[in-house]
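[1] Model the structure of this input:
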Amino acid sequence: MSDTADRLAALSETTRLLWPEPARVAFGSGGRLLAPGARRPRILLPADRAAAVAALRAYGRVESRAARLVTAGLIWSLRGGLGRAVLRQGVRVDVPDGAETVETYLSEALGRPVCAALYARPAGRANDKPVLQALSPGASGPPVAFVKVGVNELTGRLVRAEAAALERLPRAAGAVVRAPEVLHFGSWRGLDVLALTPLPTWEPGRPVAPDTFSAALREIAGAAGTQRIRLAGSPYWSVLNDRVAALPGEAADRLRAALAAIGEHHGDAEIVFGSWHGDFTPWNTAGSDGGLLVWDWERFAADVPVGFDALHHRLQRAVSDPAADPARAAAECVRDAAGTLAPFGAEPPHAPHAPLVARLYLAELAARYLADRQAEAGARLGDVGAWLLPALTEGMHETKETNG
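    Alright, predicted model coming up:
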């Protein structure tokens with residue numbers, strides 16, 4: 001199946017889930033247009049022309065320069081009434097009076113009429129979930145909210161986790177990190193629905209200075225306080241081993257053996273524990289007026305080794321290139337860990353413990369991918385045995401990190 005076919009299949013399923021019977025959904029024509037087109041569907045626009053323009057404005061920031069030019073052309077076409085002639089294919093959604101849809105639910109939850117733009121999800125990631133923009137009909141201004149919908153056990157758990165994380169996240173005056181706030185969290189037809197304040201991603205991007213980047217990492221790490229304790233005596237070590245113990249399969253067996261070796265060789269190492277965003281990547285962050293916009297907090301957690309976010313940012317940026325060798329990128333994550341953890345300054349995790357922290361990060365990521373069954377979902381990097389586990393164990397016995 002091609003990426004286009006995968007996206008259209010997922011979009012069809014999601015649209016019928018969010019506009020359920022007695023509403024009727026028909027692909028091929030109708031008031032809701034597919035942008036930038038049916039061959040490369042990325043977003044299903046609302047039928048309201050002004051709201052469709054608003055949806056395209058808010059969508060274009062994270063795309064490439066070429067895609068932004070295409071988006072600008074589509075906005076011009078919609079404003080001039082030529083959108084249907086340019087895009088041609090779309091979706092017709094007929095909603096009888098009194099029928100419940102995601103739009104009627106959000107209108108009531110947010111206390112104002114809204115229409116929705118729906119992102120077309122790519123295939124191959126178990127944690128993908130419907131994401132919508134809630135927009136004001138007749139207005140081309142910023143979205144009212146960004147909305148995530150949990151549609152199964154995994155995505156529902158992630159939506160609930162993000163709601164909880166954002167509710168407890170510190171928001172000190174003058175903070176570098178700027179996160180969305182929860183406008184609404186509830187359940188509709190058995191689905192978890194989270195509506196968030198929109199971050200201004202439609203504004204021109206600003207370069208992120210190294211000092212700003214480092215400050216953001218430190219702010220997130222200290223969100224729930226930090227403490228330095230022995231690895232073997234830490235809550236994190238206990239929880240990680242329990243999670244891995246429950247995983248089936250040969251890759252999980254290899255991960256358990258790797259953790260046993262880490263415990264044997266480095267269990268007495270004292271490292272600093274704090275919080276991490278959990279998916280701190282270039283595509284979940286953006287510079288803005290001396291601060292850093294940060295979204296997608298569904299993996300936020302406390303009591304993890306400080307430095308996980310910096311390591312994740314480095315590794316995910318490297319493997320996002322389809323031409324990159326994931327195994328080499330993971331090995332370099334361990335080998336260059338001291339430099340990656342430099343934003344934390346002279347405080348631990350300092351150089352002697354940096355490779356240990358990197359190995360723990362790789363173990364954390366492998367446990368996540370196995371628990372989420374990314375390989376079964378067809379994720380490009382789902383086979384952790386091919387790239388994460390070799391880097392996790394390579395050279396582990398050559399050097400024993402000393403205690404701090």
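[2] D6 sits in which helix or strand?
    Assigned by DSSP states H and E, D6 belongs to helix 3-18.
[3] Kindly export that helix (C-alpha atoms) in CSV.
    The C-alpha trace of helix 3-18 is given here as CSV (Å, rounded to 0.1, in the frame of the first residue of the first chain):
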residue,chain,number,x,y,z
ASP,A,3,1.6,6.3,1.6
THR,A,4,-1.3,8.0,-0.2
ALA,A,5,-3.5,4.9,0.0
ASP,A,6,-2.6,4.4,3.7
ARG,A,7,-3.4,8.0,4.5
LEU,A,8,-6.7,7.9,2.6
ALA,A,9,-7.7,4.6,4.3
ALA,A,10,-6.9,6.0,7.8
LEU,A,11,-8.7,9.3,6.9
SER,A,12,-11.8,7.4,5.8
GLU,A,13,-11.8,5.4,9.0
THR,A,14,-11.2,8.4,11.2
THR,A,15,-13.8,10.6,9.5
ARG,A,16,-16.5,8.0,10.0
LEU,A,17,-15.5,7.6,13.6
LEU,A,18,-15.7,11.3,14.3
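[4] Who are the packing partners of that helix?
    Here helix 3-18 touches strand 24-35, strand 115-119, going by 3 or more CB pairs under 8 Å, 6 or more residues apart in numbering; DSSP states H and E. (Glycine included, C-beta is placed from N, CA and C.)
[5] who does the shortest one pair up with?
    Yep, that's strand 115-119 we're talking about. strand 43-44 (antiparallel), strand 131-135 (antiparallel) (DSSP bridges).
[6] Show the subsequent helix or strand relative to the longest one.
    Right, strand 131-135. With elements assigned by DSSP H and E, the helix or strand that comes after strand 131-135 is strand 145-150.
[7] partners of that following strand, with directions?
    Strand 145-150 has these strand partners (DSSP bridges): strand 131-135 (antiparallel), strand 191-196 (antiparallel).
[8] Give me the contacts around the last one.
    Counting by CB atoms under 8 Å, 6 or more residues apart in numbering, strand 191-196 makes contact with 17, 102, 105-106, 109-110, 134, 145-151, 155-156, 159-160, 162-163, 166, 180-187, 295, all of which sit outside it.
[9] and the following helix or strand past that strand, what's its mean pLDDT?
    Later in the chain than strand 191-196, the nearest helix or strand by DSSP H and E is helix 210-221. Helix 210-221 comes out with an average pLDDT of 95.
[10] buried stuff in helix 210-221?
    Across helix 210-221, burial judged by 16 or more other CB atoms under 10 Å covers 212-221.
[11] from the middle of its chain, how far away would it be?
    In terms of CA atoms, centre = their mean, to the nearest Å, the centre of helix 210-221 is set 19 Å apart from its chain centre.
[12] residues in contact with that helix?
    175-177, 274-277, 280, 285, 287, 290-292, 294, 306-307, 309-310, 343-344.
[13] Backbone dihedrals for G186, please?
    Reported as degrees, to the nearest 10, the phi and psi values for G186 are phi -160, psi -170.
[14] Would you confirm that it contacts A109?
    Yes: counting by CB atoms under 8 Å, G186 sits close enough to A109 to count as a contact (6.2 Å).
[15] Neighbour count: those two, which is higher?
    The neighbour comparison of G186 against A109 (other CB atoms under 10 Å) goes to A109, with 19 against 14.
[16] Please tell me how far the closest residue to the more buried one other than its chain neighbours sits from A302.
    Distances taken as CB to CB, 6 or more residues apart in numbering place H184 nearest to A109, at 4.4 Å, with adjacent residues excluded. H184 is 25 Å from A302, where distance means CB to CB, to the nearest Å.
[17] and what of L259?
    20 Å.
[18] one step back: how about residues contacting the helix holding D6?
    By CB under 8 Å, 6+ apart, helix 3-18 touches 1, 25, 27, 38-42, 44, 91, 93, 101-102, 116, 118, 120-124, 128, 130, 132, 149, 151, 191.
[19] returning to that earlier point: now the buried residues of helix 210-221 as TSV including distance to S140?
    Below are the buried residues of helix 210-221 laid out as TSV (distance: CB to CB, whole Å):
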residue	distance to S140
T212	31
F213	33
S214	37
A215	35
A216	31
L217	36
R218	38
E219	34
I220	34
A221	39
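[20] Just confirm G287 is within a helix.
    No: counting by DSSP: H, G, I helix; E, B strand; the rest coil, G287 is not found in a helix; it is strand.
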